[in-house]
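[1] Here's my sequence, what's the structure:
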Amino acid sequence: MSATDPTTGPCPCGRTDRRDKPIGYALCCGRYLEDFEGTPAPDAESLMRSRYTAFVLEREPYLLATWHPSKRPASIEFEPGVKWLGLDIRSRSVLDTDHAEVEFVARQRSSTGTATRLHERSRFVREGDRWFYLEGDLQTPG
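    Numbers count the residues shown, from 1 in each chain. Alright, predicted model coming up:
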């Protein structure tokens, strides 16, 4: 694998340990992306982070599988040349045992060099032992 392969270094989601050291992909989101059937994300924030990582790695099957069937699109189109620049979790709220929200900002740069920020409050639902992304509301700068 190349030195620029995001699966060999720190996880693209940016999670850190208690000493503020980056956690590697294999110990972070990689365990969910690489073993979807056997290792579901344990909470909404972990699912949010793993979905961000799946966008970075362009893993359409994982993104579709973690989207709630009631809202799941037929496919996902990835914009060619996009570079994901980072994820910032702004807040997380457990509403009850099966519902949660995560507010995040994801930064990216297009192939033309234009930087954009996606600021969303996402809703998640748990069915059985698996969390699903339900939908989100874009947040506007206030």
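
[2] Dump the helix or strand hosting Val56 to CSV, keeping only the CA atoms.
    Applying DSSP states H and E as the criterion places Val56 in helix 44-57. Extracted in CSV, the C-alpha atoms of helix 44-57 (Å, rounded to 0.1, in the frame of the first residue of the first chain):
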residue,chain,number,x,y,z
ALA,A,44,-24.4,7.3,16.6
GLU,A,45,-21.1,9.3,16.8
SER,A,46,-19.1,6.2,15.8
LEU,A,47,-21.4,5.6,12.8
MET,A,48,-21.1,9.3,11.8
ARG,A,49,-17.4,9.1,11.9
SER,A,50,-17.3,5.8,10.0
ARG,A,51,-19.6,7.3,7.3
TYR,A,52,-17.3,10.3,6.9
THR,A,53,-14.4,7.8,6.5
ALA,A,54,-16.5,5.9,4.0
PHE,A,55,-16.9,9.1,2.0
VAL,A,56,-13.2,9.8,2.1
LEU,A,57,-12.5,6.2,0.9
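
[3] so Glu97 makes contact with Glu127?
    Small correction: residue 97 is Thr, not Glu. No - taking contacts as CB atoms under 8 Å, Thr97 lies outside contact range of Glu127: 11.5 Å. C-beta coordinates here come from the backbone N, C-alpha and C atoms, glycine included.

[4] out of those two, which sits in the busier spot?
    Counting neighbours by other CB atoms under 10 Å for Thr97 and for Glu127 shows that Glu127 has the greater number, 10 against 7.

[5] Make sure that one is actually in contact with Asp98.
    Yes - using CB under 8 Å, Glu127 is in contact with Asp98, at 7.5 Å.
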